[in-house]
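Q: here are the coordinates; sequence isn't available:
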């Protein structure tokens, strides 16, 4: 197996007034390509912070972080913003609890949005293919306000998949959905991992979704258990 | 394929009312700018045309206020002072003179005109020299009188309408009980001549008891003559005021310059207000889309992509505003001209605002340039948004 993400003594400290909060503390973690990882734990345990660090959305305070052979954080230095942008665009697809669809763009345009910043051949065809796979083919011309919450999350997943990422990061992807829609989204994510080999790293409070992961990692007070 | 321009356009469309109001603000600034720049050009053109239509380069009047003389030269009016007709004999022999035309202006109040009476301008002219200098005059009916002392009149277009006269009609000059015959009616010229009643100056001298007197002499100078030197020579004549085309232009320009500075200041303020309006709108839009921009950055949008997006929004708003302003300036040119005419101490006849394609394009260019300058700060601000801050601002820590 190929190690896609390698973290050593990874830490993130927040300063709030005089208080120093260790959100992530001395974490060692290796994630292989094709794994399905679920971070679980109580609120405030640092799982979302860890997800953000692994997804290059936030800068670590200490330790080492290598992603797909690139030293993202090493010897106290983070990659420059431009290089981080390219890395995010090339490797990651992000799915958030709140979907973050652009309200003025149609479903199809939302799916195509990452393609605006990273042009590749065949993106439109890919968008059609993904939307069909996720059951959105009849919703492509609708605006986000015209579709259900489950459909919105499917659009967010389709958007994350447009550039064929190696890693899909999902933060509470079923957090805003009812149980039926949650199961639907959980199945889609599981299928993406098993059929397409996409590495999935997600944060969830949903035991049903966590149970589908190949590895469940529990965090408490910023430490791996 | 989706593009940054398409996203920018859709975002403007998303907040219709706010975008329309911003576009309206820019349109008003563009309108003010186009109108004022058009005014600068139009005013000079009209002033030059008025002076060219005089047919002579120098006007001699009795010594007095130069502003009064300038007004007499351009708008007509009752001069309070007279010069002896004999001055014509002295001038005729000057080698610089191509042609001379004596004029005697008289104005009287006619209580029977309209509801509350009106002023009537009678300009006594020499039928041998005056028509040659005013060769832009054409007739609706009749022709110039031939006899220099005949009790005959040619009416300007508006004077004929006011008097409701036609060729062959007889008119009575109020207070003087003189009957004159209308022999011609001029077509509209867009000059002060439209409201004037032209008569042979000898007849005006007799009717108004001003024999041997005139109010002014128009002097047409030979093309090769040194006008400035000849003006100096004319100043040696006793009790004579020399008004040259150049000095009239300078006098009027001085009168108008204060008003010009004021209107240009208004234009600058209007542009400044539009600039602040654009900056406010775009900045507000950036703050409202804080999370969206952060999410775009998480998808691989670089700082230059975000800058381009925000800048394009500014550009689209400014272009729409500029075009709307140009249409406004054409549509409201009549009202704008009336307003400027009301504000100015002296306004020449003809169109005061001259709109032409280069002026409109240049003004839109200025507005768009100023607008996109004001979009730099919001665009720069947007590029500084970090994905994590945008996400945290809505989700909080897990």
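A: In hand now; what should we look at? What you see is a predicted model, and the numbers here were worked out from it, not measured in a lab. Residues are numbered from 1 along each chain as shown, chains lettered A, B, ... in the order given.

Q: who's residue A:169 bridged to?
A: Per DSSP bridges, the residues bridged to residue A:169 are residue A:94, residue A:201.

Q: Which pLDDT value goes with residue B:55?
A: At residue B:55, the pLDDT value in this model is 74.

Q: Quick one: residues contacting residue B:359.
A: Residue B:359 sits next to B:34, B:37, B:38, B:41 when contact means CB atoms under 8 Å, 6 or more residues apart in numbering or on different chains. (C-beta placed from N, C-alpha, C; glycine too.)

Q: if we go to 6 Å?
A: With contact taken as CB atoms under 6 Å, 6 or more residues apart in numbering or on different chains, residue B:359 is in contact with B:37, B:38.

Q: Name the helix or strand for it, please.
A: Element membership of residue B:359 [criterion: DSSP states H and E] is helix B:357-374.

Q: swap in residue A:138?
A: Residue A:138 belongs to no helix or strand, assigned by DSSP H and E.

Q: before we move on, back to that, tell me the mean pLDDT over the next helix or strand after the helix holding residue B:359?
A: Tracing the chain past helix B:357-374, the next element assigned as helix or strand by DSSP H and E is helix B:376-383. The average pLDDT for helix B:376-383 rounds to 92.

Q: residues of helix B:376-383 that come out buried?
A: B:378, B:379, B:381, B:382, B:383 (16 or more other CB atoms under 10 Å in any protein chain shown).

Q: angle of that helix against helix B:357-374?
A: Relative orientation of helix B:376-383 with respect to helix B:357-374: 40 degrees, computed using axes from the mean of the first three to the mean of the last three CA atoms, to 10 degrees.

Q: Show me what secondary structure element comes after helix B:376-383.
A: Going down the chain from helix B:376-383, the next helix or strand is helix B:387-395, by DSSP H and E.

Q: just checking, what packs against that following helix?
A: Counting contacts by 3 or more CB pairs under 6 Å, 6 or more residues apart in numbering or on different chains; DSSP states H and E, helix B:387-395 packs against helix B:290-298.

Q: ok, then the element right after the helix it packs on?
A: Using DSSP H and E, the helix or strand that follows helix B:290-298 towards the C-terminus is helix B:303-331.

Q: Now that following helix: average pLDDT?
A: Rounded mean pLDDT across helix B:303-331 is 93.

Q: and the most centrally placed residue in chain B, helix, strand or coil?
A: By CA atoms, centre = their mean, chain B has its centre lying nearest to residue B:352, at 1.9 Å. Three-state assignment for residue B:352 (DSSP: H, G, I helix; E, B strand; the rest coil): coil.

Q: Test my guess that it contacts residue B:42.
A: Yes. Contact between residue B:352 and residue B:42 holds when scored by CB atoms under 6 Å: they sit 5.0 Å apart.

Q: Can you tell me which helices and strands the helix or strand hosting residue B:179 packs against?
A: Following DSSP H and E, one finds residue B:179 within strand B:178-186. Applying 3+ CB pairs under 6 Å, 6+ apart, one finds that strand B:178-186 contacts strand B:139-142, strand B:152-155, strand B:170-173.

Q: where in chain A is pLDDT low?
A: A:1 (pLDDT under 70).

Q: If we use 50, what do you get?
A: Counting by pLDDT under 50, not a single residue of chain A qualifies.

Q: Next, count neighbours for the residue of it found nearest chain B.
A: Proximity of chain A to chain B (CB to the nearest CB) peaks at residue A:89, 2.6 Å away. By other CB atoms under 10 Å in any protein chain shown, the residues close to residue A:89 number 19.

Q: Ok, residue B:239 next?
A: Neighbours of residue B:239 under the rule other CB under 10 Å: 12.

Q: Likewise for residue B:115?
A: Residue B:115 is flanked by 5 other residues according to other CB under 10 Å.

Q: returning to that earlier point: adding distance to residue B:162, write the buried residues of helix B:376-383 out as a markdown table.
A: Putting the buried residues of helix B:376-383 into a markdown table (distance: CB to CB, whole Å) gives the following:
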| residue | distance to residue B:162 |
| --- | --- |
| B:378 | 59 |
| B:379 | 61 |
| B:381 | 64 |
| B:382 | 65 |
| B:383 | 68 |
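
Q: quick check, nearest of these to chain A?
A: residue B:383 (9.7 Å).

Q: so what's the most centrally placed residue in chain A up against?
A: Among the residues of chain A, residue A:169 comes closest to the average C-alpha position under CA atoms, centre = their mean, at 1.4 Å. Applying CB under 6 Å, 6+ apart to residue A:169 gives the contacts A:51, A:55, A:92, A:94, A:201.

Q: now the first one, nearest residue through space, not along the chain?
A: Among residues not flanking residue A:51 along the chain, residue A:203 sits closest, at 5.2 Å (CB to CB, 6 or more residues apart in numbering or on different chains).

Q: Under a three-state scheme, what state does the closest residue to chain A within the stretch 51-200 of chain B occupy?
A: Using CB to the nearest CB, residue B:190 is the residue of the stretch 51-200 of chain B that sits closest to chain A, at 52.7 Å. Three-state assignment for residue B:190 (three-state DSSP): coil.

Q: Thought residue B:351 was touching it, still the case?
A: No. With contact defined as CB under 6 Å, residue B:190 does not reach residue B:351; the gap is 8.6 Å.

Q: Which neighbours do those two have in common?
A: With CB under 6 Å, 6+ apart, residue B:190 and residue B:351 have no common neighbours.

Q: and residue A:63, what helix or strand is that in?
A: Counting by DSSP H and E, the element that carries residue A:63 is strand A:62-67.

Q: In that strand, which residues are buried?
A: So, applying 16+ other CB under 10 Å, buried residues of strand A:62-67: A:63, A:64, A:65, A:66, A:67.

Q: wait, doesn't the first one sit right on residue A:11?
A: The reference is to residue A:63. Yes. Using CB under 6 Å, residue A:63 makes contact with residue A:11 at a distance of 5.3 Å.

Q: and the longest helix anywhere in chain B with helix B:376-383, angle?
A: Among the elements of chain B assigned as helix by DSSP state H, the one spanning the most residues is helix B:245-288. Interaxial angle, helix B:245-288 versus helix B:376-383 (the same axes, to 10 degrees): 20 degrees.

Q: do helix B:245-288 and chain A meet at all?
A: No. On the criterion CB under 6 Å from any CB of the partner chain, helix B:245-288 is out of touch with chain A, staying 10.9 Å away.

Q: Name the helix or strand for residue A:194, please.
A: Per DSSP H and E: helix A:179-196 holds residue A:194.

Q: So which elements touch that helix?
A: helix A:149-161.

Q: and after the strand holding residue B:179, which helix or strand comes next?
A: strand B:196-200.

Q: which helices and strands sit right next to that next one?
A: Packing contacts for strand B:196-200, counted by 3+ CB pairs under 6 Å, 6+ apart, involve strand B:118-125, strand B:152-155.

Q: Parallel or antiparallel, which strands does the last one pair with?
A: Its sheet considered, strand B:152-155 pairs with strand B:178-186 (parallel), strand B:196-200 (antiparallel) by DSSP bridges.

Q: Of the ones you listed, which stretch is the most buried?
A: Of these, the one with the most neighbours on average (mean count of other CB atoms under 10 Å in any protein chain shown) is strand B:196-200, at a mean of 26.

Q: pLDDT (mean, whole number) over it?
A: Strand B:196-200 comes out with an average pLDDT of 93.

Q: Name the nearest residue to residue B:217, ignoring sequence neighbours.
A: Leaving aside its chain neighbours, residue B:217 sits nearest to residue B:60 (4.3 Å; criterion: CB to CB, 6+ apart).

Q: Surely the one you found forms part of a strand?
A: Yes. Checked against three-state DSSP, residue B:60 lies within a strand.

Q: before we move on, the earlier item: make TSV from the buried residues of helix B:376-383 and add distance to chain A to it.
A: Output for these, formatted as TSV (distance: CB to the nearest CB, whole Å):
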residue	distance to chain A
B:378	18
B:379	16
B:381	16
B:382	14
B:383	10
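
Q: Check the stretch 201-350 of chain B for the residue nearest chain A and tell me.
A: Residue of the stretch 201-350 of chain B nearest chain A, by CB to the nearest CB: residue B:300 (2.6 Å).
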